[in-house]
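Enquirer: sequence? don't have it. structure:
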Ligand code: DMJ
C-alpha cells in the first residue's frame, strides 16, 4: 500500500480557499551563524521543508498502520495490531477525525478514498449512548471542516444528521448538556459534567447552524456556555465538576487543565469565528481571575496551577500535557508575553523526561501522572507562537518534540501511547487525535506558509480548521 506524493494540489473549497501546495524538495542542511560569539559554532537547522517531509513520512506510517490493521474501526491498537470501537459498533472516528489532516498534508488520493468510505459507510442511526463532547469535537468538527475543504455536501448532510441526534443532550433543566446521549432514541445520561464538556461545543454546533441555516444548533450550544458562565464564583473562577440538572458545582477545584481547558478556548474562538460579542465579554471577564488565582510564578517561570474556585487559595502546583494548550490561546488572544513564558515552562516539563507527562508538579519538578497518550497541545502552542513571532526557537521545540515522538512512541505498527514517560513503557493505543492534531500541528509548524493561513481559519479544539463562509 503506497500513498501518493502529490506535486501541486489545488485546493478545494466550498468558499474561501485553503491552498495546499507540494512541499519543496528536501534539501541539504542550512547553516546559520550562532547567536553568540562564545559558541563559535554555527547553529545548523534542517530546512523547514526537510522537517515537514519527515513529519509527513511519520503521518503516513501512522495512517497506513491504521488502514492495515484497523480500517473501518474507530481506533488502532498498535501493539495488538487490531482495531477497536468505542461503543461496540464503529462510528469511523479515525477516518472522520483524520480526513482534513489527509487533505492538509497533501495526501489527496488517500483523502479522496477516505471521504468516499466515510460517506458510504457511516451511519449515526445507532442505539448507543455516546459522549456528546467527544463525538462533537471529533466527528461533527471533522465532518464540517472536511465539508468546507471539499465542498462535498454529503459530509454536511452527515453532520446535520449527527447534530440532530446530539441535540437532545441539551434538554436539561439548565440547558447545559448531559454527558451522554443515545443517537437513536435521544435518551440522555449522566448529569454530572464539567465546563470543558459543556463549553466546547459552540464552534461545531455554531458552524453547523450557519451552514445549514438552522439556528437551533447555535442557540442550544450558546445557551449552555452562558448558563455555565453565569455560575462562576464571585471571584470569577469555575470548578471542574457541575451537575447540569441542579446547576450546582460538584467540584470546586479550578485550573486550566482537562475538564475545564477548552471552555476558555471556545469563548475566545467563538468570539473570533462568529463575531459573538457575548463570548468575547465572557472571555475577557474570565481571564483576570485565571491570571490572578491560577497563575503561579516560581523562580522566574510562569505556571498555572490549581486553586479553590471560591477562595482562590492554591490547592496544588500541578500542570500537565493538557494545560500546554494555554499558550496558544494566550497568543491568539494577544497576550504574547504570557504565551511565550508559559510555553517555556511547558518545554521545561517536556525536557524532564524527554517527553511530557500527563501531569507534573512544578513545585518539585517531578512527574505526577506518567502517561503520555500522544497529546498535541504543546505542539499546537509552538505552532501558534511560531506563526505569530517567527522566532526559530519554536521550530527548534517542534524538532525536539518530533525526535521524542519518534524515539519513544514510534512502533513497528504506527505509534503507541506511553504508559510511563519515565520508564518509557508503552500502552496499546493510538488515539485519533494523534493524526488529526499532533501530526497536523507538527506539519504546519514546518510547512510552507501557503499551506494554511492561521489568520483565515479558527481551529477547533480537535484541530479542525473552520472558516467563516457566512455573512451573519
Ligand atoms: C483532544 O481530543 C482535544 O484536543 C481535547 O480538547 C483535549 N484532548 C485531546 C487531545 O489531547
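Expert: Thanks, I have the structure now. The structure presented is a predicted model; accordingly, all values stated were derived computationally and were not measured. Numbering: from 1, shown residues only.
Enquirer: and the closest residue to the ligand within the stretch 1-150 of the chain, what is it in contact with?
Expert: Per CB to the nearest ligand atom, residue 137 is where the stretch 1-150 of the chain lies closest to the ligand, at 5.9 Å. Where you see a C-beta, it was placed from the backbone N, CA and C, and this is true even at glycine. The contact partners of residue 137, by CB atoms under 8 Å, 6 or more residues apart in numbering, come to 200, 204, 460-462, 464.
Enquirer: restrict these to contacts with the ligand.
Expert: Restricting the contacts of residue 137 to those touching the ligand (CB under 6 Å from any ligand atom) yields 461-462.
Enquirer: which of the contacts of residue 137 sit farthest apart?
Expert: By the measure CB to CB, 200 and 464 form the most distant pair in the contacts of residue 137, at 12.3 Å.
Enquirer: if I look at the residue of the stretch 201-350 of the chain found nearest the ligand, how far off is residue 459?
Expert: In the stretch 201-350 of the chain, the residue that lies nearest the ligand is residue 262 (4.5 Å; CB to the nearest ligand atom). Separation of residue 262 from residue 459 (CB to CB, to the nearest Å): 11 Å.
Enquirer: follow-up on the earlier one: what would the contacts of residue 137 look like in CSV with secondary structure and pLDDT?
Expert: Below are these laid out as CSV (DSSP: H, G, I helix; E, B strand; the rest coil; pLDDT from 0 to 100):
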residue, secondary structure, pLDDT
200, coil, 98
204, helix, 99
460, coil, 99
461, coil, 98
462, coil, 98
464, coil, 99
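Enquirer: among the contacts of residue 137, which one lies nearest to the ligand?
Expert: residue 461 (3.7 Å).
Enquirer: with adjacent residues omitted, what lies nearest to that closest one?
Expert: Spatial nearest neighbour of residue 461, chain neighbours left out: residue 262 (4.2 Å); criterion: CB to CB, 6 or more residues apart in numbering.
Enquirer: so after the helix or strand hosting the one you found, what's the next helix or strand?
Expert: For residue 262, the host element (DSSP states H and E) is helix 261-274. Later in the chain than helix 261-274, the nearest helix or strand by DSSP H and E is helix 277-289.
Enquirer: and the stretch 201-350 of the chain, which of its residues are near the ligand?
Expert: residue 262.
Enquirer: what sits against the closest residue to residue 138 other than its chain neighbours?
Expert: Nearest residue to residue 138 in three dimensions, chain neighbours excluded: residue 97, at 4.6 Å (CB to CB, 6+ apart). Taking CB under 8 Å, 6+ apart, we find residue 97 in contact with 138-139, 142, 432-433, 435-436, 462.
Enquirer: got it, and residue 331?
Expert: 339, 381, 384-385, 388.
Enquirer: in ChimeraX, how would I select the buried members of those residues?
Expert: Of the contacts of residue 331, the buried ones go into a single ChimeraX selection, burial set by 16 or more other CB atoms under 10 Å:
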select :339,381,384,385,388
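Enquirer: inside helices: which ones of the contacts of residue 331?
Expert: Counting by DSSP state H, the contacts of residue 331 place 339, 381, 384-385, 388 in helices.
Enquirer: wait, which of those residues is closest to the ligand?
Expert: When the ones in helices among the contacts of residue 331 are compared for distance to the ligand (CB to the nearest ligand atom), residue 381 wins out at 11.9 Å.
Enquirer: just the pLDDT for the residue of the stretch 1-150 of the chain closest to the ligand.
Expert: At residue 137, the pLDDT value in this model is 99.
Enquirer: ok, now the one 5 residues further on?
Expert: Note for residue 142: predicted pLDDT of 99.
Enquirer: isn't it up against residue 100?
Expert: Yes: with contact defined as CB atoms under 8 Å, residue 142 and residue 100 form a contacting pair (6.5 Å).
Enquirer: now the contacts of residue 137 in JSON lines, with distance to residue 172 and neighbour count?
Expert: Formatted as JSON lines, these follow (distance: CB to CB, whole Å; neighbours: other CB atoms under 10 Å):
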{"residue": "200", "distance to residue 172": "17", "neighbour count": "29"}
{"residue": "204", "distance to residue 172": "19", "neighbour count": "32"}
{"residue": "460", "distance to residue 172": "23", "neighbour count": "28"}
{"residue": "461", "distance to residue 172": "22", "neighbour count": "26"}
{"residue": "462", "distance to residue 172": "24", "neighbour count": "26"}
{"residue": "464", "distance to residue 172": "26", "neighbour count": "31"}
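Enquirer: closest to residue 161 among the contacts of residue 137?
Expert: residue 204 (14.0 Å).
Enquirer: low-scoring stretches of this structure, by residue?
Expert: 1-40 (pLDDT under 70).
Enquirer: need the three-state assignment for residue 235.
Expert: Per DSSP: H, G, I helix; E, B strand; the rest coil, the secondary structure class of residue 235 is coil.
Enquirer: ok, and the closest non-adjacent residue to it?
Expert: Once flanking residues are discounted, residue 235 sits nearest to residue 312: 5.3 Å by CB to CB, 6+ apart.
Enquirer: can I assume the one you found sits in a strand?
Expert: No: counting by three-state DSSP, residue 312 is located in no strand; its state is coil.
Enquirer: for it, give me phi and psi.
Expert: According to degrees, to the nearest 10, the main-chain angles of residue 312 amount to phi 80, psi 0.
Enquirer: can you give me the neighbour number for it?
Expert: Applying other CB atoms under 10 Å, we find 16 residues neighbouring residue 312.
Enquirer: for the remainder of this discussion, apply numbering that starts at 696.
Expert: With 696 as the first residue, the last one maps to residue 1007.
Enquirer: what's near enough to touch it?
Expert: By CB under 8 Å, 6+ apart, the neighbours of residue 1007 are 930, 932, 984, 987-988.
Enquirer: check the residues you listed and tell me the two furthest apart.
Expert: Largest pairwise distance in the contacts of residue 1007, by CB to CB, is 9.2 Å, between 932 and 987.
Enquirer: which of the two has more neighbours?
Expert: residue 932 (24 against 13).
Enquirer: output the longest helix belonging to the chain.
Expert: helix 743-765.
Enquirer: list the contacts for residue 1081?
Expert: 1089-1090, 1093, 1140.
Enquirer: highest neighbour count among these?
Expert: residue 1140 (26 neighbours).
Enquirer: and the angle from the helix or strand harbouring it to helix 743-765?
Expert: Assignment of secondary structure by DSSP H and E places residue 1140 within helix 1134-1141. Interaxial angle, helix 1134-1141 versus helix 743-765 (axes from the mean of the first three to the mean of the last three CA atoms, to 10 degrees): 170 degrees.
Enquirer: residue 879 reaches residue 820, doesn't it?
Expert: Yes: if you go by CB under 8 Å, residue 879 and residue 820 touch, sitting 6.0 Å apart.
Enquirer: tell me which of the two has more neighbours.
Expert: Using other CB under 10 Å as the criterion, residue 879 and residue 820 rank with residue 879 on top: 12 against 8.
Enquirer: which parts of the stretch 796-945 of the chain are helices?
Expert: Using DSSP state H, counting those that start in this stretch, the helices assigned to the stretch 796-945 of the chain run over residues 803-816, 827-830, 836-845, 848-861, 890-894, 897-907, 910-925.
Enquirer: closest to residue 1002 out of those helices?
Expert: Closest among the helices of the stretch 796-945 of the chain, using CB to CB: helix 890-894, at 14.7 Å.
Enquirer: and for the closest one, what's in contact with it?
Expert: 826-828, 871-872, 874, 919-920, 923, 933-935, 937, 939, 953-958, 961-962.
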